[in-house]
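J.: model the following, please.
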Amino acid sequence: MKAPGHPVLLSRDEDGAVLLLALVFIVVIAVVLSSLLTLTGNDLLNSSNLRTQRSVEYAADGAADAAVQAVRYSESAYMGAPQACLPNTPPAGPPTSITVGAPGSPGVQITVDCGNGTRSRRSCLSRTVLPCVTRSVNVYACQGPGTCTVTSAHLQLQALVAFDDYSTTTNVLLCNRTSTATCGTGMAVESWVVRGSNS
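T.: Predicted coordinates for the structure are as follows:
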């Protein structure tokens, strides 16, 4: 009971402050979660892009390696403008491009051309320097169809490979249009530059 003549005191409750703190807490958590989701999305996109670029680089590397092996055991120095040099697929001759990829994936189309090569005129009979370079060939690997050169927009890989075409036992050169017996007995990769999509 209240005594007569005493004023009634109102209680100052803090219920409104708790509501305000709860709202601030929810907003802060929402901002943090939003930032984390954005970062996660960016990381997933970056991972996907890196995986795609790595697939293209591996495909270019594998296709260029196959072309180098095909050129190694042929007599051609590919001295003119770049031309198809992937391994022969009879009866059509060398394909202009190859699709490389894991089973079940769409794969990556890679064009490999060889050109701007040179043929050495010096004699290697003394064999004082090994390997004796008898021909050097430039290998270009590009993503997609079309001619692939050093100035191509989609150039992925450029290599310079030197070949020794003398016999290792008799110092005889039998690498010409009539015989390929000693073609590619030695090989040295002088440069192997992966360009990638950002070069």
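J.: for the closest residue to Ala67 other than its chain neighbours, give me its contacts.
T.: Nearest residue to Ala67 in three dimensions, chain neighbours excluded: Val112, at 4.3 Å (C-beta to C-beta, 6 or more residues apart in numbering). Just so you know, the C-beta spots here come from the backbone N, C-alpha and C atoms, and that holds for glycine as well. Val112 makes contacts with 63-64, 66-67, 84-86, 97-98, 139-142, 148, as judged by C-beta atoms under 8 Å, 6 or more residues apart in numbering.
J.: work out for me the element Val112 sits within.
T.: strand 108-119 (DSSP states H and E).
J.: now that strand: mean pLDDT?
T.: Strand 108-119 shows a mean pLDDT of 87.
J.: ok, now stretch 143-162?
T.: 87.
J.: for that stretch, what is the distance to the chain centroid?
T.: 12 Å (C-alpha atoms, centre = their mean, to the nearest Å).
J.: now do the buried residues in that stretch.
T.: 143, 148-149, 152, 154-162 (16 or more other C-beta atoms under 10 Å).
J.: so who does Glu190 touch?
T.: Contacts of Glu190 (C-beta under 8 Å, 6+ apart): 136, 160-162.
J.: and of those, the nearest to Val194?
T.: Leu160 (13.6 Å; C-beta to C-beta).
J.: what are the phi and psi angles of the closest one?
T.: Torsion angles at Leu160 (phi, psi; degrees, to the nearest 10) stand at phi -120, psi 120.
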